[in-house]
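Novice: turn this into a structure:
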Amino acid sequence: MRQHEATRSLSAIRDGLTWTLAALRAAGVHTHEVRPIEALGARAKSLDDALEAADEAVVIANACVAWRDMALDNAIECFARDLLHHCGGRRDDVRYRAFFPVAPNEYTRMALAAEIDATEHFTRVITEVALPKAVAVSHAAVLTARDEGREALAARAAAEGTLANARLRLTLFRDEVNLARASLHNVLERYRIDHGLRVGYPDTFFAPVRTAPRRAEAKSAKPPADGTRRDTDPRPVTG
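Specialist: Okay, the predicted model is just below:
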């Protein structure tokens with residue numbers, strides 16, 4: 001019997017538990033071993049649902065961050081145009097330079113978090129430079145976009161934290177399943193010896209370990225870097 005390795009997907013673990021449970025029920029003589037496997041199967045489903053939800057939440061959070069990044073870019077560009085018009089088209093005007101010591105596209109090309117940090121002076125300069133109402137409205141839109149951007153970044157950080165926690169739970173659960181499988185294998189081996197059954201009897205209760213995770217779980221099983229973990233040995237093994 002081969003145990004589940006660190007790269008093994010949760011769907012493969014669930015399949016293994018389903019196989020073992022079905023084999024125990026079919027044998028009909030290992031009733032005491034059924035309930036622990038049932039409990040592990042129920043927990044595997046719950047963890048699978050949690051991983052799926054956490055992974056989806058990160059996707060949604062990334063989409064929100066991308067949207068808020070674009071919204072802030074648009075707000076900065078609009079404010080820059082309105083301010084430049086107010087300054088008579090002169091980019092060297094002291095009022096324009098107070099807000100834009102560098103070209104507006106130097107801000108908009110940044111990632112959202114960096115863009116928010118780089119425009120922090122907008123909140124100070126507005127108290128020092130008088131602006132007409134129309135330009136002030138554009139400026140206020142920038143501040144609103146920055147606040148919404150911060151909220152989106154915070155939501156993404158929370159979603160990523162939830163996903164990391166779910167992945168940790170998967171690691172701990174995989175270890176627990178491996179211990180349960182080893183214990184069950186020992187019980188079945190003792191039963192085989194006591195009843196004079198053929199060698200390999202315990203292995204029939206453990207499915208060949210599947211090497212490819214199904215659906216979006218491949219993303220949930222990946223390490224903190226962007227590469228997806230996968231099994232390198234394509235040969236089916238009993239485990």
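Novice: so where's the protein uncertain?
Specialist: The model of the chain has pLDDT under 70 over residues 1, 6-8, 209-239.
Novice: tell me where it has strands.
Specialist: Assigned by DSSP state E, the chain shows strands spanning 208-209, 237-238.
Novice: could you pull out the helices for this protein?
Specialist: Here the chain has its helices, by DSSP state H, at 10-27, 34-86, 94-99, 104-108, 112-118, 122-125, 133-195, 217-220.
Novice: need those in JSON lines (columns: mean neighbour count and distance to Pro208).
Specialist: C-beta: built from backbone N, CA, C; applies to glycine. What follows is those, written out as JSON lines (neighbours: other Cβ atoms under 10 Å; distance: least, Cβ to Cβ, whole Å):
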{"stretch": "helix 10-27", "mean neighbour count": "19", "distance to Pro208": "9"}
{"stretch": "helix 34-86", "mean neighbour count": "17", "distance to Pro208": "17"}
{"stretch": "helix 94-99", "mean neighbour count": "16", "distance to Pro208": "65"}
{"stretch": "helix 104-108", "mean neighbour count": "17", "distance to Pro208": "54"}
{"stretch": "helix 112-118", "mean neighbour count": "16", "distance to Pro208": "46"}
{"stretch": "helix 122-125", "mean neighbour count": "14", "distance to Pro208": "61"}
{"stretch": "helix 133-195", "mean neighbour count": "16", "distance to Pro208": "14"}
{"stretch": "helix 217-220", "mean neighbour count": "19", "distance to Pro208": "19"}
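Novice: what would those helices look like in JSON lines with distance to His4?
Specialist: Shown next, in JSON lines, are these (distance: least, Cβ to Cβ, whole Å):
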{"stretch": "helix 10-27", "distance to His4": "6"}
{"stretch": "helix 34-86", "distance to His4": "11"}
{"stretch": "helix 94-99", "distance to His4": "57"}
{"stretch": "helix 104-108", "distance to His4": "47"}
{"stretch": "helix 112-118", "distance to His4": "38"}
{"stretch": "helix 122-125", "distance to His4": "53"}
{"stretch": "helix 133-195", "distance to His4": "5"}
{"stretch": "helix 217-220", "distance to His4": "14"}
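Novice: out of those, which comes closest to Phe205?
Specialist: Phe205 sits nearest to helix 10-27 of all the helices of the chain, at 4.4 Å, using Cβ to Cβ.
Novice: what's the angle from that closest one to helix 34-86?
Specialist: 160 degrees (axes from the mean of the first three to the mean of the last three Cα atoms, to 10 degrees).
Novice: and stretch 121-137, end to end?
Specialist: Separation of the first and last residues of stretch 121-137 by Cα to Cα, to the nearest Å is 17 Å.
Novice: ok now it, how far from the chain's centre?
Specialist: Relative to the centre of its chain, stretch 121-137 is centred 39 Å away, using Cα atoms, centre = their mean, to the nearest Å.
Novice: what lies in contact with it?
Specialist: Contacts to stretch 121-137, defined as Cβ atoms under 8 Å, 6 or more residues apart in numbering, come from residues 79, 82-83, 86, 95, 98-99, 139, 142-143, 146.
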